[in-house]
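# What follows is a predicted protein model with its sequence.
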Amino acid sequence: MGIGQPTFKMTSFSMIQNALLLLALALLTFRLLRAVYRLTLHPLARFPGPFLSRISSISIPLQAASGDRHLRQLQEHRKYGPIVRIGPNSLSFSSPTALRTIYQSSRLQNQLRKSDYYKTIDAPAGAYSTHSEVGRRKHAFRRRVLDQAFSEASMRSAEEFVINNVDTLCGLLSNGDSWSQPRRMDDYATYFVYDVMGDLVFGKPFDCMTNAEHRFVPKMITESSKFLYVFVARRLISCEPLMHWLGGQAARDEYHFVAYAAARMKERIAKEEEKDVRKDMMHYILNAKDPVTSRSLTQLELEAETSLLIAAGADTTSSSLAAAFHYLTLPSSKPVLDYLQRQLRKKFSVVSFITWSALKNHTYLRAVVEEIVRLLPAVPSELPRTIMQKPGIDIAGEFIPAGTTVGCSAFVLAHDAEAYPSPYAFKPERWIPKDAETHLAEVSPLQDPEQIAKAREAFCAFSLGSRGCVGKQLAYMELCLVLARVLWTFDMRRAVEQVSVRTKGEAERKGLRWYDDEYQVKDVFLTAREGPLVEFRKHQTLVEA
Ligand code: HEM
């Protein structure tokens, strides 16, 4: 007995070992056979793409973790053409025709649904938001309610809050006739836009511009966006203790933000009972009823919506604003900057005359903003949609079977040389027709209508159709007001010393970030960015006055 036991133990140990080996072999064979199938008999096998993407889904989270996903997609389209297989069951398209079919076709609304990736986005909030709700009917309800927060009346009231925050920003940039210290405009842009969103959603600014203690909110959102971009398993994300352990600080930030937003939300709801009710965006949401079902948002839905509005509204617009300071202070942009400032100062004798209604038809400012949003779409990579019903649909002349995830990247389309000749160049004139303002010829030649039509067809920074951006008008209002008032008040120039763009490095060596004048960002579904460093001084005539 005493002698036989070890032999038995050894036998059972080697049996387990053999079973594990067999299992590993079976797994390997399965993976190998699956890879061969994906490369040969799979319905998407005829589409080109990088080897790893054709055999495995791992390349999408890997690219997401690198922060270079938008750049890689552009590189892949340049190499493989207008349709690229970016995962075994995923295709990326780069033509305006595909763009319209995927996002805008009302005939295909039942066929194309936001992919399961979106279900991860609000997992920590415990309820879907308008952005992450994939069901068509449920989304339509949420959108009907949310649209009321972006009505004409709501936007008219929002202007006052935006202007108050612009005034705070101007007070911080400079107050003298000599050049200021270099200002990190990625930070100032972030703090400004978060303060606007705090004002509109929570009933008071976050005070990021004036109080360093409150700057943890933007940081939390960027970190949690990084985490959710890579971690695509909803079930895991819903399990908070596991995520604290697996997802580290980024996961903790996500949960922290959700709890923080819920607490601020409660404070805001209490204010709604006060006599002099504040007509901010939240006022319109709290009082909105769906005209079809007469239902309002539940507490949980409100909380998810609140987190969404801060993340979707603040991070996007602030990335465009930081990019605006970058492009406007490039040496090659001097004629654009000079011209815009001259125009603004000629049109408005005092800064308080610069209002949204006065700026709405300002052709050149609008073109500057449009060009910036094109060059750096704030959601740069493809927005995935899944084909739901068999057998499938035609996209850009190709039959694509059900079960495939399809999408277009705004960054890829924005760099299409046919729609945008010299696609990396900052050229607001590309949005202005020849006959619009003839004196503009002093800046550079204007476009013929055909070229403008091509540019418009490929423009998708705000996406399109029923899932397109609900906050586009607010974003234009914020960007136009802040740029017009800052450029009217200050002279500005790029500081000699540049912020070290951490985003270059490795990617530059791989030939992804080669265009020097490009505003460099990391794609984290939203964007992470650095710089530019800009100096300001009060415009001379204002100092004299
Ligand atoms: C330059 C600024 C902005 C850009 C480039 C932008 C871009 C986008 C894009 C591309 C989408 C579609 C996302 C997807 O399909 O996954 C989107 C959706 C959305 N955006 Fe924006 N956005 C901006 C500003 C704003 C602002 C200021 C708000 C609100 C305060 C906002 C709120 C939303 C919401 C709620 C959605 C979801 C719409 C739906 O699914 O029905 N955005 N945005």
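Perfect, I can see it now.
# Enumerate the residues of the stretch 351-500 of the chain near the ligand.
Taking C-beta under 6 Å from any ligand atom as the contact definition, the stretch 351-500 of the chain meets the ligand at 373, 377-379, 383, 461-463, 467, 469-471, 474-475. No exception for glycine: its C-beta is placed from N, CA and C like everyone else's.
# for the stretch 51-200 of the chain, same thing?
Contacts of the stretch 51-200 of the chain with the ligand, taken as C-beta under 6 Å from any ligand atom, map to 130, 131, 143.
# burial measure for the first one, as a count.
I take that to be residue 130. Residue 130 has 25 neighbouring residues, counting by other C-beta atoms under 10 Å.
# Run through the residues that contact it.
Going by C-beta atoms under 8 Å, 6 or more residues apart in numbering, residue 130 touches 139, 142, 143, 146, 305, 308, 470.
# same thing but at 6 Å, please
The neighbours of residue 130, taking C-beta atoms under 6 Å, 6 or more residues apart in numbering as the test, are 142, 143, 146.
# Assign a three-state SS to it, would you?
Secondary structure assignment for residue 130 (DSSP: H, G, I helix; E, B strand; the rest coil): coil.
# Quick check: phi and psi on the residue nearest to it when sequence neighbours are not counted?
Closest residue in space to residue 130, ignoring its immediate chain neighbours: residue 142 at 4.1 Å, by C-beta to C-beta, 6 or more residues apart in numbering. Main-chain torsions, residue 142, degrees, to the nearest 10: phi -60, psi -40.
# burial count for the residue of the chain found nearest the ligand?
Relative to the ligand, the nearest point of the chain is residue 471 (2.1 Å; C-beta to the nearest ligand atom). Using other C-beta under 10 Å, residue 471 has 20 neighbouring residues.
# What of residue 324?
Each residue near residue 324 was counted by other C-beta under 10 Å, and the total is 27.
# looking at it, it is touching residue 374, isn't it?
No: Residue 324 sits out of contact with residue 374 when judged by C-beta atoms under 6 Å, with a separation of 12.0 Å.
# Greatest separation within the residues of the stretch 351-500 of the chain next to the ligand: which pair is it?
Distance extremes for these: the farthest pair is 383 and 474 at 19.8 Å, using C-beta to C-beta.
# Wasn't residue 516 part of a helix?
No: under three-state DSSP, residue 516 sits outside any helix and is assigned coil.
# For it, give its distance to residue 330.
According to C-beta to C-beta, to the nearest Å, residue 516 and residue 330 sit 10 Å apart.
# residues contacting residue 377?
Each residue near residue 377 by C-beta under 6 Å, 6+ apart is listed here: 410, 411, 414, 461.
# try 10 Å this time
Contacts of residue 377 were listed using C-beta atoms under 10 Å, 6 or more residues apart in numbering, and they are 70, 316, 319-320, 323, 409-414, 459-463, 527.
# what does residue 454 give?
Counting by C-beta under 10 Å, 6+ apart, residue 454 makes contact with 96, 416, 418, 419, 420, 421, 430, 447.
# Correct me if wrong: the last one contacts residue 371.
Okay, so that is residue 447. No: the criterion here is C-beta atoms under 10 Å, and residue 447 misses it with residue 371 at 11.8 Å.
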